[in-house]
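A.B. asks: heads up, no residue letters with this:
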């Protein structure tokens, strides 16, 4: 089954420093291990503290007792912009993108407890919002024109 991830703002009010003025450590509220379910599938995302100018993340989607996808993610400042880069891998760690390819999004809005990353074509937007110390929302929005697909993940903080 092909998994589609999409994020939408969900009416979030994003105020705060411009993305161009932000370092990865500003997103320290994302740090930790987060687990949630979508139907019968389990989604797990983990973010490290920033080190050497980058925040590192890992994602795993488990469905029907097997891993459907892994992701390796980094958030770092590149020039004047905060960027999210990631690669997808299957259960055997074969990359979905070309060898040197990856998904690249730039931060377009950053608040005290939320951030939005996006690219234009093909359209992809990812919102992270900390709703409480133990609840992280991640919404993915992708597609083109009027055919946007959305998936919301509601994560709870889990022990490491």
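C.D. replies: That came in fine, so what should we check first? Just so it is clear, the model here is predicted, and its values are computed rather than measured.
A.B. asks: how far does the longest strand belonging to the chain sit from the chain's center?
C.D. replies: Counting residues, the longest strand found in the chain (DSSP state E) is strand 66-78. Centre-to-centre, strand 66-78 and its host chain are 8 Å apart (Cα atoms, centre = their mean, to the nearest Å).
A.B. asks: contacts for that strand?
C.D. replies: Strand 66-78 has contacts (Cβ atoms under 8 Å, 6 or more residues apart in numbering) with 1, 3, 22-24, 27, 41, 50, 53-62, 82-91, 93, 96. Bear in mind the C-beta positions are built from the backbone N, C-alpha and C, glycine included.
A.B. asks: One more: stretch 27-35?
C.D. replies: For stretch 27-35, contacts defined as Cβ under 8 Å, 6+ apart pick out 42-50, 55, 57, 75, 110, 112-113, 115, 128, 130, 136, 155-160.
A.B. asks: one more time with 7 Å
C.D. replies: 42, 44-49, 55, 75, 113, 115, 128, 130, 136, 155-158, 160 (Cβ atoms under 7 Å, 6 or more residues apart in numbering).
A.B. asks: Just those residues: which are in strands?
C.D. replies: When DSSP E is applied, those are split such that 42, 44-47, 55, 75, 115, 128, 130, 136, 155-158 fall in strands.
A.B. asks: of these, buried ones?
C.D. replies: Buried subset of those (neighbour count, 16 or more other Cβ atoms under 10 Å): 44, 45, 46, 47, 55, 75, 115, 128, 130, 136, 155.
A.B. asks: And those, which two are furthest apart?
C.D. replies: 44 and 115 (19.5 Å; Cβ to Cβ).
A.B. asks: Which other helices and strands does whichever helix or strand residue 140 is part of contact?
C.D. replies: Assessed by DSSP states H and E, residue 140 sits inside strand 135-143. When contacts are defined as 3 or more Cβ pairs under 7 Å, 6 or more residues apart in numbering; DSSP states H and E, strand 135-143 packs onto strand 123-132, strand 149-158.
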